[in-house]
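**Student:** show me how the following folds:
(2 chains)
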Amino acid sequence: MAASIWQRLSKLVTPSPQVTDDAFSLYEATRQERKDDGEEGGGGKGRGTSQDDPQSDRTGQDQGGDGEKASDHGGASRFVQPRQAGERRGERKRAGAGADDTDDADKDGLDAYRTDDPNKVPDPIDRSLDLNLKRLKTVFRIPQNKDLVLREFIISRDTPVKGAILFIDGMAAKEIIDWAVLQPLMLLADLPPMEADRDPQLGQQPDILEAAYNHLVPINQVSKTDRLPDLVKGVLAGGTAIVLDGTDRALVVETKGWEHRSVGEPKQEAVIRGPHEAFNETMRTNTAMIRRRLKTPALMTEFMEIGRLSNVEVAMMYIDGLTNTALVDEVRTRLKAIKVDYVSDSGTIEQFIEDSPFSLYPSILSTERPDRTAAFLSEGHVVLIVNNNPFALVVPITLVGLMHTAEDAYLRWPFGSFLRILRTVSYFVALSLPALYVAATAYHHETIPTDLAMAIAASREAVPFPVVVEVLLLAFSFELITEAATRVPNIIGPTIGIVGALVLGQAAVQAGIVSPILVIVIAMTALAAFTVPNYNLSNTLRVLRYVHLLAGSVLGFYGIAVVFFVDVARLSVQRSFGVPMLNPITPMKGGQGDVILRGPVFHMEKRPRYTYPQELNRQPPIVRKWDRTQGSGPSKGKEGGG
Amino acid sequence: MRHEQIGSREAFFLLFAVLSAKVFLSTPRYIAEDAQTAAWLLIVLAALWAALGWAIMVAFLRRFPGLSLIEAVEQTLGPYLALPVQLVYTGLFVYVTVVALRQFAETVLSAILPITPISVISVTLLGASAYACYLGLESVTRTARFFVPVVVFLVTSLLLLAIPSGARADQLLPLLGPGPVALLWRSLQRSSLFIEVLLLGVLVPNLKEPEKMPRIGYQAIFASALFWLAVEVVFQMLFPYPAGAKNPFPLLAVARLIAIGRFLQRVESFFIFAWIFAAAIKLSGMLYGAISSYAQLLHLKSYRPLTAPFLVLVLALSFLPSNLIEATQWDRGALRVWGAVPAFAPPLLLLGIAAIRGKGGRERARHKG
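**Tutor:** Have a look, this model is predicted:
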């Protein structure tokens, strides 16, 4: 006991070398706030003077196993207390400033710069390079933060000027920085000043920053700024900041140059006829791939940053003058409403902005195909491209839209229609076949042709389980195969197929666990599910299948019908950015032969009505004017639309 | 009450479904008993009578543009005198729902799930319908729009597949059945078969194009009469009326006759999907009619809180008939004989009263002006 007290006392007076200033200042703020709230002493029984001594509290953070005990005694926990949402370190520190402030950073007023939100960095850039660098070091936590490269140099002129560049290692292209930033500034800066270099505010004095902008930094995207947040954001985005002494402005040079995947083939939406390129993780590559297909100045790309920590760029694309402005406003509003610290993936953003977050059905389409995205844009949809993500989000969307593929349009219309019919049938097979099998074998034997009924009965003779258990066993095994095949390392991927096919199929039948006919049923269901082109929708089917199975096993066909009715009733009120999901089936909005069937492209004169485009017609009523056999030749047809 | 807006086509599909769903019940049988070989003619005549009734209703409602039947009654008679009339309409909707629920539950029971307790069927069927109803009129009408083509397709295929199983056109003769006078009188009574058209009167404020309300009503009456006619004709061609009169569920009996090759036999279970979809739409539509009319009567902002109480009420009432025969009698002997009186007589009287009291129409417009 005495040893323990001694140990604790010795820790109280010995500061721990492992405690960072960061943690210390955080604790300082917490402690000061407690003091302000009048909590001091209330829960601090037995702590004595330790509460007044920041040093002693810092040791509290390093007490290892004693930490909890210390906390029990009313002292500070060994962990920094979590802040409330919206609170900033700087704010808390400022709140506590003036009491027993011993931190050097506070003396220079730098604490406000220690924020995790670039937008919260105080605005002005100072004329003193040293002060600016101090602030930037505070913002980026240099030198602890090793990702940042801060290179100071001197520009050799009649009056040498001190300067520095700042960039993030790995995000910026070093060759560009070396040859297009540092070399001209360090070696070529002694050129005679030009008239354009004179800053109007400085009179006849040539301004070094203007000189750098005008003729020293030969890079296509350079921006001047007098705001520190812009500088910080530019660096975070892969740019390089150039800060010079004696000027209250700075340059942000576009030097993005991180490693990225090249444009590859689509993984989920492969086609035989049609382009074979897919989005990758670089947003600018993705927007360019769309713009390559829509060469119109009306194609708009608006940028937004989401996530206080992630600050991920989201590009909202639409066609000005075509896309309904109310839709664009709605998408913008929902994106701006996302107030989170971290969000990086389009899948997460989708959950923040979708209409029915508790529905099983998706109400936003994600696609990895630029051609399909461009087609959606041309129909009046809004597209979102999220940086670092190879999927574009398309809104609004309908259930039938989720069942379409890019290839439907590229094939001649009879085959496009055939594929759509096939997929529609597959949808219902994937949804209900196991349930129908269970219902037919358990309740409605009479519907099965006699010979088949006898074959089923014979095959089930050795199986000790009821049909529903049999189905659940096999369906669960199949889910395991699917999940394992997705997660397994590529090199042993084929093994999963062999294990699935042989062990779970053939062996299970031979062992008398399942009947061979059921293997066919589940295999057909699986094949049908894979024909559903949208990944989210196929997941919906995966789950709903079990609901149908349950209903079919309890109440036969009647149960399946009731569940299906409820499903449609629920779906009929689900919306995607205000558009009913069952559109254009109900409400009927004129599908232009592009619903379940795919009509001839030359008959699709109008855009989908459900997007309420500003311009409904996309082509004149008669496109094939030369074709006299179709009754739409020049002699019979009428000009119009457009 | 806040009104959800529905399109004319959606309203038509809903009305068609609530009017036509009775072909799946025992109605075609007792029509055959009533009119013998001229059952199809009785349907045509009954539809014409019903259209006349609807014309009276339209004449009354036109005096109060944009107002529902319930609101129009209140405008004419004032809040206190209107109450009994409004309650009659709500009661009528409840009665139709109760009878339909019990009969559909009995159909499911006898057709495919003979040992399942009827309460399970009733609760699930009405629960699904009430859920659609709770989701809103949009859900009810859109679900109808979604399923009606499926139901019509299934029934048409059923009829076409059954015709080869011994259909004989001569079983439709003699053409006039029991004779023209009896036919006229019975068809007047059986105009009650179309009283579900009242639902449209309650939905007037919900229509995007209320001026199309009369047309939707006529179209729905005649489209459902045509659909029913097809069923009745095929039924009578397959079952001569003395034999047909013994079938409790005629369409089910027709489905059981289907035998194409060795593999397409006894497929009535597959057609049960059409039964259930039609039943669920009809129940949700009529339940909405009941709840919505009551909510309008009470001037409630939302009808939704009434969904659960009406669900319980309808469910409890549906268990009152002791068996299928009694439930059918509630339908055949009461609702489909006298139903037209409370449905179409009040509008005729109210039309007179409104004209005398100067309510609605040009007088109302002048007052407002």
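
**Student:** please make it C-alpha for all contacts and neighbour counts, starting now.
**Tutor:** OK.

**Student:** pLDDT averaged over whichever helix in chain B runs longest, what's the number?
**Tutor:** Looking only at chain B and at elements set by DSSP state H, the helix with the highest residue count is helix B:69-111. Helix B:69-111 carries an average pLDDT of 92.

**Student:** mind listing what's buried along the helix or strand that that helix is followed by?
**Tutor:** Downstream of helix B:69-111, the first helix or strand assigned by DSSP states H and E is helix B:118-135. Using 16 or more other Cα atoms under 10 Å in any protein chain shown as the test for burial, helix B:118-135 gives B:118, B:121-135.

**Student:** same thing with stretch A:301-317?
**Tutor:** A:301, A:305-308, A:311-317.

**Student:** also stretch B:207-226?
**Tutor:** Using 16+ other Cα under 10 Å as the test for burial, stretch B:207-226 gives B:207, B:210, B:213-214, B:216-218, B:220-226.

**Student:** from those, which land in helices?
**Tutor:** Of the buried residues of stretch B:207-226, the ones assigned to helices by DSSP H are B:213-214, B:216-218, B:220-226.

**Student:** kindly indicate which of those lies nearest residue A:260.
**Tutor:** residue B:216 (60.7 Å; Cα to Cα).

**Student:** coming back round to it: in TSV: the buried residues of stretch A:301-317, plus pLDDT, secondary structure and distance to chain B.
**Tutor:** Output for the buried residues of stretch A:301-317, formatted as TSV (pLDDT from 0 to 100; DSSP: H, G, I helix; E, B strand; the rest coil; distance: Cα to the nearest Cα, whole Å):
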residue	pLDDT	secondary structure	distance to chain B
A:301	93	strand	35
A:305	90	strand	36
A:306	92	strand	34
A:307	89	coil	35
A:308	86	coil	37
A:311	88	coil	39
A:312	91	strand	37
A:313	91	strand	38
A:314	94	strand	34
A:315	94	strand	34
A:316	95	strand	31
A:317	95	strand	32
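
**Student:** which among the buried residues of stretch B:207-226 gets closest to residue A:297?
**Tutor:** Of all those, residue B:207 has the smallest distance to residue A:297: 42.0 Å, by Cα to Cα.

**Student:** distance of the closest one relative to residue A:490?
**Tutor:** Separation of residue B:207 from residue A:490 (Cα to Cα, to the nearest Å) stands at 58 Å.

**Student:** now the strands for the stretch 501-642 of chain A?
**Tutor:** A:575-576, A:579-580 (DSSP state E, counting those that start in this stretch).

**Student:** rewinding a little: so which of the buried residues of stretch B:207-226 reach chain A?
**Tutor:** Among the buried residues of stretch B:207-226, no residue lies close to chain A (Cα under 8 Å from any Cα of the partner chain).

**Student:** right, so of the strands of the stretch 501-642 of chain A, which gets closest to chain B?
**Tutor:** Nearest to chain B among the strands of the stretch 501-642 of chain A is strand A:579-580 (9.9 Å), distances taken as Cα to the nearest Cα.

**Student:** including mean neighbour count and mean pLDDT, could the strands of the stretch 501-642 of chain A go into a markdown table?
**Tutor:** Shown next, in a markdown table, are those (neighbours: other Cα atoms under 10 Å in any protein chain shown; pLDDT from 0 to 100):
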| stretch | mean neighbour count | mean pLDDT |
| --- | --- | --- |
| strand A:575-576 | 21 | 94 |
| strand A:579-580 | 22 | 92 |
